[in-house]
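K.L.:
Quick one: sequence and predicted model below, then my questions.
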Amino acid sequence: MLLSALLSTAHKFAPSQCPYTNIDRDKRSSQNSSQSKSQNPKSFHLFFSTQTDTEVCSMFAEENGLKGDPRLQAISQAIRVVPHFPKQGIMFQDITTLLLDHKAFKDTIDIFVDRYRDMHISVVAGVEARGFMFGPPIALGIGAKFVPLRKPRKLPSEVISEQYELEYGSDCLELHVGAVQPGERALIIDDMVATGGTLSAAIRLLERVGAEVVECACVIGVPEVKGHCRLNGKPLYVLVEPREIDSCLRCDCSPVAADVKKEECLRRKVMMCSSYQFSPEWAPN
């Protein structure tokens, strides 16, 4: 039985092709480019893959025992919203300001540690790059090791790779061979989730080396992930929803009214919700 398990694990180490070595990369890039150009640049939406794995309802902290907890509001308020970064129409959720607020940052880590302390987790896997900011303190708090899941050519030793598709291209995560042992219980950490593509790749990568993924956790999660995030049947725990700049983000303005007020809103660093939403060209994963 042990031999069978070892052979199965060895088979899983067969390397996946990353987009950087795939001969079809240029073809896909061309296709993705033409798809991108067909999108209305002022009509942005969050896309969800039609090729979903087993769906699982996401758990937002407020709906899972922390309703009314003032720490969640403080965490949300500590996250800065940067309009039009890295490109026009994107509401960037900047967690660096959360890191500057030592109390809000500590509250973030404490909530995760309280949740996972008694789940017998031995591995906390952080997704590059912002997962590296939250993963290590959580690992220390629950007595687990931290393992980075990195982009291609960042890890110096032998790696196992997992390719995954994004709405507008492909990417790849890598893990050091031997960093995670078969049978270890793992938690995956990232800063934000929208479509779940990156987290799903992280799950597959850890499962290929024989780990048991207990749960995925993110600081920020768009409301649409509730019941729609393709995470291979694994639970997802999220602290807060993306911040907005102003209440006019959820106004019911007509497109005409939105155009009239757009300059005024932009001067106040506010975007009209009927004109701009999350962009599929740079959606967090």
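P.N.:
Cool, the structure landed.
K.L.:
Between the two ends of stretch 188-206, what distance do you get?
P.N.:
Using CA to CA, to the nearest Å, one end of stretch 188-206 lies 9 Å from the other.
K.L.:
ok, which stretches of the chain are strands?
P.N.:
Here the chain has its strands, by DSSP state E, at 55-56, 59-60, 80-83, 91-94, 123-127, 145-149, 159-166, 169-176, 185-193, 212-221, 229-230, 236-240.
K.L.:
Turn those strands into CSV, columns for distance to Ile138, mean pLDDT and mean neighbour count.
P.N.:
To be clear about C-beta, it is placed using only N, CA and C from the backbone, and glycine gets the same treatment. Below are those laid out as CSV (distance: least, CB to CB, whole Å; pLDDT from 0 to 100; neighbours: other CB atoms under 10 Å):
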stretch, distance to Ile138, mean pLDDT, mean neighbour count
strand 55-56, 21, 49, 16
strand 59-60, 17, 88, 19
strand 80-83, 22, 95, 16
strand 91-94, 19, 93, 18
strand 123-127, 5, 98, 26
strand 145-149, 8, 98, 20
strand 159-166, 22, 93, 20
strand 169-176, 18, 94, 20
strand 185-193, 6, 97, 24
strand 212-221, 8, 97, 24
strand 229-230, 20, 58, 24
strand 236-240, 12, 95, 22
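K.L.:
got a markdown table for those, with distance to Lys103 too?
P.N.:
Supplementary listing: the strands of the chain in a markdown table, determined by distance: least, CB to CB, whole Å:
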| stretch | distance to Lys103 |
| --- | --- |
| strand 55-56 | 32 |
| strand 59-60 | 21 |
| strand 80-83 | 16 |
| strand 91-94 | 18 |
| strand 123-127 | 22 |
| strand 145-149 | 23 |
| strand 159-166 | 35 |
| strand 169-176 | 32 |
| strand 185-193 | 18 |
| strand 212-221 | 15 |
| strand 229-230 | 30 |
| strand 236-240 | 15 |
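K.L.:
Among these, which comes closest to Ala201?
P.N.:
Across these, Ala201 has its closest neighbour in strand 159-166 (3.5 Å, CB to CB).
K.L.:
before we move on, the earlier item: can you tell which of the strands of the chain is closest to Tyr116?
P.N.:
strand 185-193 (5.8 Å).
K.L.:
Bridge partners for Ile188, pull those for me.
P.N.:
Assessed by DSSP bridges, Ile188 has beta-bridge partners Ala125, Cys216.
K.L.:
can I assume it is in contact with Arg204?
P.N.:
No. If you go by CB atoms under 8 Å, Ile188 and Arg204 don't touch, sitting 10.9 Å apart.
K.L.:
Span of stretch 134-151 from start to end?
P.N.:
Stretch 134-151 has an end-to-end distance of 18 Å (CA to CA).
K.L.:
what's next to that stretch, contact-wise?
P.N.:
With contacts defined as CB atoms under 8 Å, 6 or more residues apart in numbering, stretch 134-151 is touched by 108-110, 112-113, 116-117, 119, 121-128, 131-132, 155, 171-176, 179-180, 187-189, 191, 202, 205, 219.
K.L.:
now swap in stretch 200-214 and tell me
P.N.:
With CB under 8 Å, 6+ apart as the criterion, stretch 200-214 contacts 5, 8-9, 12-13, 53, 116, 119, 121, 123, 125, 127, 149, 160-164, 171-175, 177, 180-188, 190, 216, 230-232, 234-235.
K.L.:
Recalculate using a threshold of 7 Å.
P.N.:
Stretch 200-214 is touched from outside by 9, 12, 53, 119, 121, 123, 125, 127, 149, 160, 162, 164, 173, 175, 180, 182-188, 230-232, 234, with contacts defined as CB atoms under 7 Å, 6 or more residues apart in numbering.
K.L.:
go on, stretch 73-82?
P.N.:
Under CB under 7 Å, 6+ apart, the answer for stretch 73-82 is 91-95, 97-98, 101, 104, 107-108, 239-240, 243-245.
K.L.:
switch to 6 Å and redo it
P.N.:
Stretch 73-82 is contacted from outside by 91-95, 97-98, 101, 104, 108, 239-240, 243, 245, using CB atoms under 6 Å, 6 or more residues apart in numbering.
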